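Visitor: Attaching a predicted model along with its sequence, questions to come.
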Amino acid sequence: MLTVTQLARKCGISRATILYYEREEILFPAYRADNGYRWYGEKEVERLKAITSYRSYGLPVASIRTLLAQKGKSQAQIMKDHFNELEREIQNLRAQQKAIVGLLQEPALLTDNKVTKARWVNIMKAAGFTEEDMTTWHKKFEELEPTEHQRFLESLGISEKEIARIRGN
């Protein structure tokens, strides 16, 4: 049996990370002593190795929790599913790039207020965006460039009330 510190050293991660995984309910000690010490066995070591593997593949903790709860699915199938999800995200990002490149070929459209909200929505849909994709796009734009996002929305001729709704204010 290993303590938290021993387990952390064995797996090359921090003690805090192991405690975080416990709080996130993806790793639990095999036994907790009366003095509060956590003890981990081989089963927990293997589970932690799987968790660190998944993290190295870019999986978020919430996804790992779901994956570890699945019974009967091989790691290969889980990774194929994740690969396919990443491929969908990549395709969405490529569609976003195409929409932006199309817009940048005529930057005066934005400054001249020739692109309306309806036209912009049509451009996004033509590039393969769903309503959810457009919402995500606006959230990221707001997060990364709030001032430019405001200017962009104003350039589409959108009312202040709707701009506030889109920006989440």
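Guide: The structure has been received and is ready for your questions. Numbering: from 1, shown residues only.

Visitor: can you give me the strands in the protein?
Guide: Along the chain, counting by DSSP state E, strands occupy 31-32, 38-39.

Visitor: And the last one, what does it pack against?
Guide: Counting contacts by 3 or more CB pairs under 8 Å, 6 or more residues apart in numbering; DSSP states H and E, strand 38-39 is packed against strand 31-32. To be clear about C-beta, it is placed using only N, CA and C from the backbone, and glycine gets the same treatment.

Visitor: Quick check: which helices or strands does the strand it packs on pack against?
Guide: Contacts defined by 3+ CB pairs under 8 Å, 6+ apart place strand 31-32 against strand 38-39.

Visitor: Show me the one of the strands of the chain that comes nearest residue 129.
Guide: Among the strands of the chain, the nearest to residue 129 by CB to CB is strand 38-39 (46.7 Å).

Visitor: who's in contact with that closest one?
Guide: Applying CB atoms under 8 Å, 6 or more residues apart in numbering, the contact partners of strand 38-39 are 1, 2, 3, 4, 22, 29, 30, 31, 32, 33.

Visitor: Now the second one. Nearest residue, chain neighbours left out?
Guide: Meaning residue 2. residue 40 (4.8 Å; CB to CB, 6 or more residues apart in numbering).

Visitor: OK, contacts around the one you found?
Guide: Here residue 40 is in contact with 1, 2, 3, 4, 7, 29, 30, 48 (CB under 8 Å, 6+ apart).

Visitor: change it to 6 Å
Guide: With contact taken as CB atoms under 6 Å, 6 or more residues apart in numbering, residue 40 is in contact with 2, 7, 29, 30.

Visitor: Next one: the residue in the chain sticking out farthest from the centre relative to residue 151, how far apart?
Guide: Within the chain, the residue lying farthest from the chain centre (CA atoms, centre = their mean) is residue 34, at 38.8 Å. Separation of residue 34 from residue 151 (CB to CB, to the nearest Å) stands at 62 Å.

Visitor: By neighbour count, which bits of stretch 89-104 are buried? Give me those.
Guide: Of all the residues in stretch 89-104, those buried under the rule 16 or more other CB atoms under 10 Å are 92, 95, 96, 99.

Visitor: scratch that, stretch 44-59 is what I was asking about
Guide: Buried residues in stretch 44-59, counted by 16+ other CB under 10 Å: 44, 47, 48, 50, 51, 54, 59.

Visitor: and those as TSV, adding distance to residue 124 and pLDDT?
Guide: Output for these, formatted as TSV (distance: CB to CB, whole Å; pLDDT from 0 to 100):
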residue	distance to residue 124	pLDDT
44	47	95
47	42	93
48	42	95
50	39	89
51	37	92
54	33	85
59	28	82
